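1. Below: sequence and its predicted model.
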Amino acid sequence: MNDMHSPLAASTLKTAYDRDGYYFPYDVASAAHAAQLLADLEAAEAECAGDRAKLSLLRSYPSQLLPSFAALIRHPRLIDAVTQIIGRDVLVWSCGFFIKEAGSKSFVSWHQDLNYWGLDGDDEVTAWYALTPATVETGCMRFVAGSHRQKDVPHVDKFAPDNLLTRGQELAVKVDEASAVDVLLNAGQASLHHGHLFHASGPNLTNARRLGVAIRYVAPSMKQTSGDKLLVSHVAGEDRYGNFEHMPPPAGRLQPEDWARAKRNADMKKEILYKGVKDELVKVNRRG
Ligand SMILES: O=C(O)CCC(=O)C(=O)O
């Protein structure tokens, strides 16, 4: 385990994050904790089997539907890291899976996260928590150190069928792939990355599923540039701005009112993530 509890270690995280635009591996919990979350998700997936709309909501909004994931986004180790990066007041803007099934060609093109989220700043950090090992073979992420300092870089929408991103968006500039680092994580570890960091990931060449949950933490001072107030979870400190609508943790496991709220959230997010995209190109269960 990395010892991230001492003040020296804390400043190491922030210094590395500011310099590189990322920090990993960060120990959140044990492999057994990750395995329990995976079992809970897979039980819920089995309960929703045959209902594509519910499966899509489950995979895109697990912290609104399963108490175990509501606890994950509030995990003290994650809050400790995130508050070092964006300050003591924290909201969760979204929490959803990136799933690569065994042997799947699914990939993620080189992109920056903040490009299509309609937010007015960059006080945001993603914690990507590994439920299964992230290796080169399973299709781990790759990061280009320091690329976050380029701020907003143009993208093109390519809509490649196996691309897990909403619009198959790709950076329209040359990426120095040779300099990229492989984000290797054990189950129970997380990586932390900046919303302007250049990152991508390849296919899963193994016969096991690769699952990571991407938790997007924002400072309450951030604001959507258009549309209604989005639904967020308030997980640390105070919100002195009121730019978002706060939602409660799930009432229980897969409860009717939580499905309804997840659907409302999905409808609002779709407006933002697919802005300007023709209906026939809108995919189900894709985000980013
Ligand atoms: O899970 C992946 O392979 C990509 C995730 C990603 O792009 C993100 O979390 O921003």
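-> Thanks, I have the structure now.

2. Name the SS class of Val235, please.
-> Per DSSP: H, G, I helix; E, B strand; the rest coil, the local secondary structure of Val235 is strand.

3. That one is in contact with Arg74, isn't it?
-> Yes. Between Val235 and Arg74 there is a contact at 5.0 Å, judged by CB atoms under 8 Å. (C-beta placed from N, C-alpha, C; glycine too.)

4. who in the chain is up against the ligand?
-> Taking CB under 6 Å from any ligand atom, the part of the chain that reaches the ligand is made up of 98, 108, 113, 126, 128, 141, 199, 201, 212, 214, 288.

5. Could you rerun that using 5 Å?
-> In this structure, the chain approaches the ligand at residues 98, 108, 113, 128, 201, 212, 214, judged by CB under 5 Å from any ligand atom.

6. okay, Val235 and Arg74: which has more neighbours?
-> Set side by side, Val235 and Arg74 show more neighbours around Val235, with 21 against 17, by other CB atoms under 10 Å.

7. Quick one: classify the residue of the stretch 1-150 of the chain at minimum distance from the ligand as helix, strand or coil.
-> Using CB to the nearest ligand atom, the closest approach of the stretch 1-150 of the chain to the ligand is made by Phe98 at 3.1 Å. Under the three-state scheme (three-state DSSP), Phe98 adopts strand.

8. Make TSV out of the residues of the chain next to the ligand and add neighbour count and secondary structure.
-> Output for those, formatted as TSV (neighbours: other CB atoms under 10 Å; DSSP: H, G, I helix; E, B strand; the rest coil):
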residue	neighbour count	secondary structure
Phe98	22	strand
Val108	22	strand
Asp113	22	helix
Trp128	24	strand
Ser201	24	strand
Gly212	26	strand
Ala214	20	strand
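
9. need the contact list for the residue of the stretch 1-150 of the chain closest to the ligand.
-> For Phe98, the contacting residues are 108, 128, 164, 201, 211-214, 288, by CB atoms under 8 Å, 6 or more residues apart in numbering.

10. One more pass at 7 Å, please.
-> Listed by CB atoms under 7 Å, 6 or more residues apart in numbering, the contact set of Phe98 reads 164, 212, 214.

11. For the ligand, state which of those is nearest.
-> Distances from the ligand to those, taken by CB to the nearest ligand atom, are shortest for Ala214, at 3.6 Å.

12. Count the residues that sit near Ser106.
-> Residues lying near Ser106 (other CB under 10 Å) number 18.

13. so it sits right up against Pro203, yeah?
-> Yes. Applying CB atoms under 7 Å, one finds Ser106 in contact with Pro203, separated by 6.3 Å.

14. Leu55 touches Ala44, doesn't it?
-> No. Here Leu55 lies out of contact with Ala44, judged by CB under 7 Å, at a distance of 9.1 Å.

15. Of these two, give the one with the bigger neighbour count.
-> The residue with the greater number of neighbours, taking Leu55 and Ala44 and applying other CB under 10 Å, is Ala44; the counts read 21 against 17.

16. And for that one, nearest residue in space, chain neighbours not counted?
-> Take Ala44 and drop its neighbours on the chain: the residue closest to it by CB to CB, 6 or more residues apart in numbering is Leu58, 5.6 Å away.
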